[in-house]
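**Student:** what would the 3D arrangement of this be:
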Amino acid sequence: MSAVLGFSLFPSSPMNASSFTPRVEALLLALLVASGLLIGVLLVLNLYFLIRYRRGSSAPRPPLRIATWKFEAGWICGTTIGFLGFFFWGARIYLDMERPPANAYDVDVIGRQWMWDIRHADGRREFDTLHVPADQPVRLRMISEDVIHSFAVPAFSLKQDVVPGKQVMAWFEATRPGTYHLYCDQFCGTAHAEMAGEVVVMKPEDYAAWQASGSVNNEEAGHGAKLFVRYGCSGCHTPGSPVRAPSLVGLYGRLVPVENGQFVRADEQYLRDSIVLPQQHVVAGYAPIMPDFRGVISETDLLDLIDYLKSLGAKQPPPANMPTAPAAAPPMVPPPPAPSSAP
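**Tutor:** Have a look, this model is predicted:
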């Protein structure tokens with residue numbers, strides 16, 4: 001039962017493998033004890049009155065001389081305050097789960113039927129397996145490519161729904177080296193039961209050795225630049241382009257004025273929306289003519305393209321005549337380059 005719910009109720013259990021698990025267990029145990037005591041008190045009182053005042057008993061039944069509302073008000077206020085305490089306790093844990101530390105190690109996770117596509121910051125890629133160091137916060141930036149999935153690691157008290165079109169976040173800090181079960185907790189199709197994997201927690205020195213021993217695809221570093229050309233972005237967003245479009249140099253993290261007079265922070269979600277939902281935030285002073293890339297660009301390519309846009313600090317985008325991928329591996333067919341209003 002504890003393996004399914006994601007808690008152990010015992011601090012020494014191997015299921016207690018993240019910094020959040022002891023806090024979740026403490027809250028759950030306190031809630032179970034309080035609920036059990038409350039049920040016990042009600043049960044004893046009910047049995048007492050049922051037996052003592054049963055039909056035909058000689059128990060006295062004089063008229064009540066006290067105001068029952070005092071008992072009712074005291075009972076209602078007492079239980080309300082008590083369980084509001086549990087609510088705020090749980091809310092504190094939830095808010096901490098939603099606020100990753102600044103030094104968290106970022107990992108991109110794409111859910112698709114029926115596998116987990118995991119990408120590390122150094123370009124390393126895994127499928128259905130996630131290697132992480134112990135005692136290091138890890139932030140998961142997740143999205144689905146098709147249907148709703150749910151990333152669940154019971155030993156970490158971690159469960160996060162992953163939906164198409166919106167990047168969501170979850171984080172954890174594993175405290176015990178070992179291998180832990182990872183699975184999809186949302187029915188997502190015929191092979192849902194096969195969408196399982198594992199999280200391998202390693203000592204920091206072992207994790208460093210794993211990173212050094214593995215092979216990293218160096219071509220991925222320039223993949224985003226190639227995608228910038230492949231999908232026609234360079235036809236509008238490069239210096240000297242005949243189309244008037246917003247500059248992408250130094251865009252990431254900046255406040256962008258939009259047509260309704262407000263400002264939007266150019267974070268990862270903004271970059272994603274500007275590609276697949278370009279009419280959502282039209283940059284002030286530009287016509288809403290950028291094409292919609294929904295269904296055209298895959299989530300994998302979208303991640304690479306966003307990473308490239310984030311890297312455009314003082315750099316200039318690649319020229320429009322930059323060579324694309326070899327003909328042996330034809331890319332997805334993009335829409336024809338068109339004037340744009342957003343990156």
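
**Student:** make it CA atoms for all contacts and neighbour counts henceforth
**Tutor:** Will do.

**Student:** okay, buried residues for the longest helix along the chain please.
**Tutor:** Longest helix in the chain by number of residues (criterion: DSSP state H): helix 21-52. For helix 21-52, burial by neighbour count (16 or more other CA atoms under 10 Å) applies to 21-22, 24-25, 27-28, 34.

**Student:** quick one: the strands in the stretch 151-300 of the chain?
**Tutor:** In the stretch 151-300 of the chain, the strands defined using DSSP state E, counting those that start in this stretch lie at 158-162, 168-172, 178-184, 196-202, 255-257, 263-265.

**Student:** partners of the last one in the sheet?
**Tutor:** Translated: strand 263-265. Sheet pairing for strand 263-265, assigned by DSSP bridges, gives strand 255-257 (antiparallel).

**Student:** what's in contact with the partner strand?
**Tutor:** If you take CA atoms under 8 Å, 6 or more residues apart in numbering as the criterion, strand 255-257 is touched by 263-266, 283-284.

**Student:** if we can go back for a sec, what's the farthest-apart pair in the buried residues of helix 21-52?
**Tutor:** Put simply, by CA to CA the two of these set farthest apart are T21 and A34, 19.8 Å from each other.

**Student:** wait, which of the strands of the stretch 151-300 of the chain is closest to A121?
**Tutor:** In terms of CA to CA, the element of the strands of the stretch 151-300 of the chain nearest to A121 is strand 168-172, at 15.2 Å.

**Student:** and the closest residue to E268 other than its chain neighbours, how far is that from L248?
**Tutor:** Ranked by CA to CA, 6 or more residues apart in numbering and with sequence neighbours excluded, the top spatial neighbour of E268 is I306, at 7.1 Å. With distances taken as CA to CA, to the nearest Å, I306 is found 11 Å from L248.

**Student:** now render the buried residues of helix 21-52 as CSV, adding pLDDT.
**Tutor:** Supplementary listing: the buried residues of helix 21-52 in CSV, determined by pLDDT from 0 to 100:
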residue, pLDDT
T21, 90
P22, 89
V24, 91
E25, 89
L27, 92
L28, 91
A34, 91
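
**Student:** ok, so of those, who is nearest A134?
**Tutor:** Minimum distance to A134 across the buried residues of helix 21-52 is 14.5 Å, recorded for T21 (CA to CA).

**Student:** residues near the residue nearest to that closest one when sequence neighbours are not counted, how many?
**Tutor:** In this structure, T21 finds its nearest non-sequential neighbour in S157, 5.6 Å apart by CA to CA, 6+ apart. Neighbour count of S157, defined by other CA atoms under 10 Å: 24.

**Student:** doesn't S19 make contact with S157?
**Tutor:** No: look at S157 against S19 with CA atoms under 8 Å: they stay out of range, at 9.3 Å.

**Student:** and the residue nearest to the spatial centre of the chain, bridged to which residues?
**Tutor:** Within the chain, one residue has its C-alpha closest to the average C-alpha position: by CA atoms, centre = their mean, that is M169, at 2.6 Å. Counting by DSSP bridges, M169 forms beta bridges with R141.

**Student:** quick one: residues contacting it.
**Tutor:** Contacts of M169 (CA under 8 Å, 6+ apart): 98, 139-142.
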